[in-house]
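> starting from these lines, generate the structure:
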Amino acid sequence: MPKGIALTTGLNAVSPAHYGGWSGELNACEADAKDMAEIARSKDYEVKTLLTKEATRKNVIDGIIKAAGTLTSGDIFMLSYSGHGGQLPDMNSDEDDAQDETWCLYDGEMVDDELYTLLGKFAKGVRVLVFSDSCHSGTVTKQAYYQSAMRAVGAKGIAPEVRYRFMPMEVAVRTYRDNKKFYDPILKDAKLKESRDAVNASVILISGCQDNQLSADGAFNGLFTANLLQVWNEGKFRKGYRAFRRAIVNRMPPDQTPNYFRVGETSRAFERQRPFTI
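Okay, here's the model as predicted:
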């Protein structure tokens with residue numbers, strides 16, 4: 001009988017001690033994590049939820065490694081992240097824009113290469129489903145544009161003063177410079193450059209926006225998660241993952257388009273399954 005494990009994370013703030021005095025406060029990331037956990041429980045996953053101060057690098061890494069050591073071929077792991085997206089300088093030359101994307105965990109950033117290395121610990125035949133309601137890039141100019149655009153479309157679920165889930169560039173620079181001794185060994189690790197190619201499991205990743213867009217926070221959920229919940233409709237959605245992503249996109253404003261991509265072994269059977277199926 002297949003087994004399912006879920007790790008849902010949501011950070012409404014980060015530690016100013018690591019991020020140069022920036023707390024990165026958001027409204028709805030903890031709610032996102034709780035709602036994703038509810039979906040997982042409804043499908044009989046074993047669920048662990050990490051909220052804000054609990055969502056440390058160690059706890060997230062340990063949670064993924066524990067799941068990888070437990071699950072075998074035919075099982076499924078679901079990982080969701082709601083919080084700020086950040087950037088660090090690319091030092092192993094695997095990024096076209098010379099910047100590594102990150103998740104801003106409570107006490108430090110997790111580099112995208114690190115995440116792929118962790119996903120590489122799952123056995124062949126394991127299905128891995130990743131949701132990321134965060135931004136991966138953004139400038140002050142983009143922020144001003146997106147605030148104007150989002151108010152214009154009147155998208156549902158967004159607070160009157162829109163917040164975006166990205167680390168401002170000045171904070172990104174300060175955080176890196178203050179913590180170079182921690183980040184440089186990760187960023188310079190040549191082995192991490194090949195981390196995507198080392199993934200043997202079948203991984204589907206659905207993110208809240210494209211790499212050059214911003215993900216909006218909301219009053220009750222992030223915009224992406226809010227529309228995911230509407231499409232899921234308490235389990236009434238019956239099609240596969242590509243149709244799931246398309247249905248979410250159809251509810252989104254034109255400047256926030258959820259992305260869909262695969263890593264590791266391609267599994268058409270996995271893609272055709274009803275979302276969250278164990």
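
> got the confidence number for Asp113?
Listed pLDDT for Asp113 reads 88.

> that one and Ile65, how far apart?
Distance, Asp113 to Ile65, using C-beta to C-beta, to the nearest Å: 16 Å. No exception for glycine: its C-beta is placed from N, CA and C like everyone else's.

> how far off centre is the one helix or strand Thr102 maps to?
Per DSSP states H and E, Thr102 falls inside strand 99-105. Offset of strand 99-105 from its chain centre (C-alpha atoms, centre = their mean, to the nearest Å): 10 Å.

> contacts for it, please.
9, 11, 14, 19, 24, 55-57, 60, 81, 83-90, 94-95, 109-113, 115, 132, 134, 136-137, 167, 187, 211 (C-beta atoms under 8 Å, 6 or more residues apart in numbering).

> in strands, which of those residues fall?
Counting by DSSP state E, these place Thr9, Tyr81, Gly85, Gly86, Gln87, Leu88, Pro89, Glu109, Met110, Val111, Ser132 in strands.

> in this structure, which helix or strand is least confident?
helix 140-153 (a mean of 36; mean pLDDT, DSSP states H and E).

> show the model's pLDDT score for Gln256.
Looking at Gln256, its pLDDT reads 91.

> which residues touch it?
Listed by C-beta under 8 Å, 6+ apart, the contact set of Gln256 reads Met150, Gly208, Cys209, Gln213, Leu214, Ser215, Ala216, Leu223, Phe224.

> what's the PyMOL syntax to select whichever of these are buried?
Selection command for PyMOL covering only the buried members of the contacts of Gln256, criterion 16 or more other C-beta atoms under 10 Å:
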select buried, resi 150+208+209+213+214+215+216+223+224
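
> show me where the stretch 101-250 of the chain dips below the pLDDT cut-off.
136-161 (pLDDT under 70).
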